[in-house]
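>>> need a structure here:
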Amino acid sequence: MLLFARAARGPSSLSVLSSLRRYASTTMSSPLNVVHTEQAPAAIGPYSQAVVANGMVFCSGQIPLVPETMQIIEGDVKAQTRQVLVNLKAVLEAAGSDLNHVAKTLVFLKSMNDFNAVNEVYAEFFATHKPARAAVEVARLPRDVQVEIECVAVVKKQ
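Predicted coordinates for the structure are as follows:
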């Protein structure tokens with residue numbers, strides 16, 4: 001709103017408004033493409049594994065389900081984190097992206113005491129590329145897992 005108010009007062013307000021309209025029409029009219037792959041767990045609710053919009057991939061949170069069985073992987077938080085990241089990688093690849101194109105991740109932890117263990121596995125998947133990240137402790141996660149990770153990535157150029 002502030003941008004419009006300032007533009008309306010300036011001598012070139014028509015060119016600024018015209019540019020804003022052109023930007024909005026090209027960025028807001030892109031279709032949303034739903035991503036689905038058998039290489040990652042099916043959604044366990046009314047959502048998509050990911051959506052591609054305007055060259056960006058918005059991945060739903062992944063939990064440590066084994067895609068073939070839809071069961072939680074056995075093991076500690078490291079095993080769960082590894083499965084989560086394998087699942088996330090599969091969704092990204094189905095969307096035309098990969099881990100090297102991730103802009104940001106959000107890590108949900110059942111216990112912040114697992115932060116270092118999760119970081120060890122996370123670093124295996126993001127060895128050279130380090131996306132922005134937030135990590136938070138939550139009261140509870142789906143199916144009572146220990147970790148869930150979501151991300152936003154850029155689609156690779158063809």
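>>> per-residue confidence for the residue nearest to Ser111 when sequence neighbours are not counted?
In space, and not counting its chain neighbours, Ser111 is closest to Glu137: 6.4 Å by Cβ to Cβ, 6 or more residues apart in numbering. Where C-beta positions appear, they are placed from N, C-alpha and C, glycine not excepted. Model confidence at Glu137, expressed as pLDDT, equals 98.
>>> swap in Lys157?
Value for Lys157, per-residue pLDDT: 86.
>>> ditto for Ser30
In this model, Ser30 is scored at 71, pLDDT.
>>> list the contacts for it?
Residues near Ser30 by Cβ atoms under 8 Å, 6 or more residues apart in numbering: Ala53, Asn54.
>>> please report how far Val91 lies from Phe115.
Val91 sits 24 Å away from Phe115, going by Cβ to Cβ, to the nearest Å.
>>> those two: which is more packed in?
Val91 (24 against 14; other Cβ atoms under 10 Å).
>>> tell me which element that one is part of?
Using DSSP states H and E, Val91 sits within helix 77-94.
>>> next: Glu74.
With DSSP H and E as criterion, Glu74 is part of no helix or strand.
>>> kindly report the same for Phe58.
Element membership for Phe58, per DSSP H and E: strand 56-62.
>>> helices or strands next to that strand in the packing?
Judged by 3 or more Cβ pairs under 8 Å, 6 or more residues apart in numbering; DSSP states H and E, the packing partners of strand 56-62 are strand 50-53, helix 77-94, strand 102-109, strand 147-154.
>>> please redo it, this time with the cut-off set to 10 Å
If you count contacts as 3 or more Cβ pairs under 10 Å, 6 or more residues apart in numbering; DSSP states H and E, strand 56-62 packs onto strand 33-35, strand 50-53, helix 77-94, strand 102-109, strand 147-154.
>>> okay, angle between it and strand 147-154 too, please.
Computed with axes from the mean of the first three to the mean of the last three Cα atoms, to 10 degrees, the direction of strand 56-62 lies at 170 degrees from that of strand 147-154.
>>> mind listing what's buried along the helix holding Val91?
77-78, 80-94 (16 or more other Cβ atoms under 10 Å).
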